[in-house]
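S.K.: Have a look at this fold, sequence not included:
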């Protein structure tokens, strides 16, 4: 459904917006009438999206990035915490650096942008926060102890935010994508991708647009009574978890 005129001015910020799922979310919200900004390590962003170079592992950079968005577009009303990395390896081979890099970006980085965004949301008594987690948060995944831990942590974070700020008009939800066709999955060989698809009840890998469409609903006014939810976009792979 097309966003009505009174909502078309809402300011949305997506982290990790330069490619993949983040870029698809930014484009989908842009096309729905939102004024969209994107954080990435560079200022690369889809056309029509304000690109802001921001290292979310640096608290001062996060403050500066928000200040830029606020000056250019206005207070952030919608936040999608999407930025994430992988450093996959088996537990016994995983270094402290493999662990820490993933935690710093996927979990601590999300915490920083959520904390900063909620200042304005509470004042406005309106806010929509969506964290992009993963099906492995609940299923687990060999070789991804670090990644799965951070993605599970986002669920606890968002549900705590939902309880803290629900009375202030702020919702906080989680989307858990399954196997999505992105640069991360392109490194898998054909046999592995086929094996994954065979495990998925709908019989295919998902697309970034599948995730973006779920996010579009969760940040809309229509979703004002949806908070603390974990919304799977995984073709049924994680059902029951």
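M.R.: Done, it's in. Since we're looking at a predicted model, the values are computed, not measured.
S.K.: Which residue is the nearest non-sequential neighbour of residue 123?
M.R.: Distances taken as C-beta to C-beta, 6 or more residues apart in numbering put residue 75 closest to residue 123, at 7.8 Å, once the chain neighbours are dropped. C-beta coordinates here come from the backbone N, C-alpha and C atoms, glycine included.
S.K.: Sorry, wrong one. I was asking about residue 57.
M.R.: residue 104 (4.7 Å).
S.K.: Closest to the mean position in the chain, which residue would that be?
M.R.: residue 82 (2.6 Å; C-alpha atoms, centre = their mean).
S.K.: how much space between it and residue 25?
M.R.: 6 Å (C-beta to C-beta, to the nearest Å).
S.K.: Now do the shared contacts for those two.
M.R.: Each of 14, 17 lies in contact with both residue 82 and residue 25 under the rule C-beta atoms under 8 Å, 6 or more residues apart in numbering.
S.K.: And the longest helix anywhere in the chain, what's buried?
M.R.: What stands out as the longest helix in the chain, according to DSSP state H, is helix 145-165. Buried residues in helix 145-165, counted by 16 or more other C-beta atoms under 10 Å: 145-155, 157-159, 161-162, 165.
S.K.: longest strand of this structure?
M.R.: strand 170-177 (DSSP state E).
S.K.: What ranges does the protein have for its helices?
M.R.: Here the chain has its helices, by DSSP H, at 20-31, 59-72, 96-102, 109-124, 136-139, 145-165, 183-186, 190-199, 208-218.
S.K.: Would you single out the least confident of these?
M.R.: Of all the helices of the chain, the minimum mean pLDDT falls on helix 183-186 (a mean of 71).
S.K.: Please enumerate residues in contact with that helix?
M.R.: Here helix 183-186 makes contact (C-beta under 8 Å, 6+ apart) with 19, 20, 86, 179, 193, 205.
S.K.: The residue in the chain sticking out farthest from the centre and residue 98: what is the separation?
M.R.: If you look at how far each residue of the chain sits from its centre, by C-alpha atoms, centre = their mean, the farthest one is residue 92, at 28.9 Å. According to C-beta to C-beta, residue 92 and residue 98 sit 12 Å apart.
S.K.: Next: residue 221.
M.R.: In this view, residue 221 and residue 98 are 41 Å apart by C-beta to C-beta.
S.K.: These two: which is more packed in?
M.R.: residue 98 (17 against 12; other C-beta atoms under 10 Å).
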